[in-house]
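Trainee: Sequence unavailable; structure follows:
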C-alpha cells in the first residue's frame, strides 16, 4: 500500500471542494443573450381597470361587497340569486346597479334592484336607490 503525503491529500480535498461547489451551478457561459428589456409599464387606464375589476366576481360579475351588503339585509339571504350587475366609473367612485332575485317575507320570489355608490377600495359608501 502506497502512503500518500500530506501535500497530495490537501490537493485532493481542495479539488473535491471545487468540484462540489461547481455541481449546483449551470454552464458558466450562456449561449443565449440575456434580455435586459423591462416589462412595458401599464397605462393609467390599465391600472384603473385592474383596480376596478378586483371588486367584481369573475364568476358571475357581481360586485362582491354590494352582494354582502344586500344579503345581510335580506329576510332570506340563502335565496339570493344574482341576475346582473352594471357599473359606471366616476373616477373617485363607482355607481353600481345590481339586479337580483330572492324571497320576501311572504315567501314570494321577487326581483329587486339596488343602486349604490362604492369606493375604489370596493366598499359600499351609500345606497342611492333600493
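Mentor: Cool, got the structure. Nothing here was measured: the structure is a model prediction, and the numbers come from that model.

Trainee: Show me which helix or strand of the chain is least confident by mean pLDDT.
Mentor: Between all helices and strands in the chain, the lowest mean by mean pLDDT, DSSP states H and E belongs to helix 6-23, at a mean of 60.

Trainee: Point to the residue nearest the middle of the protein.
Mentor: residue 54 (7.0 Å; Cα atoms, centre = their mean).

Trainee: Touching, it and residue 122? I think so.
Mentor: Yes. Between residue 54 and residue 122 there is a contact at 6.9 Å, judged by Cβ atoms under 8 Å. C-beta coordinates here come from the backbone N, C-alpha and C atoms, glycine included.

Trainee: and residue 69, helix, strand or coil?
Mentor: What DSSP: H, G, I helix; E, B strand; the rest coil gives for residue 69 is helix.

Trainee: Confirm for me that it is in contact with residue 118.
Mentor: No. With contact defined as Cβ under 8 Å, residue 69 and residue 118 do not form a contacting pair (9.4 Å).

Trainee: my read: residue 84 touches residue 99, true?
Mentor: Yes. Using Cβ under 8 Å, residue 84 is in contact with residue 99, at 4.9 Å.

Trainee: picking up where we left off before, what's the residue nearest to the centre of the chain in contact with, if anything?
Mentor: Counting by Cβ atoms under 8 Å, 6 or more residues apart in numbering, residue 54 makes contact with residue 122.

Trainee: can you give me the strands for this protein?
Mentor: Taking DSSP state E as the test, the strands found in the chain are 81-89, 93-103, 109-119, 124-129.
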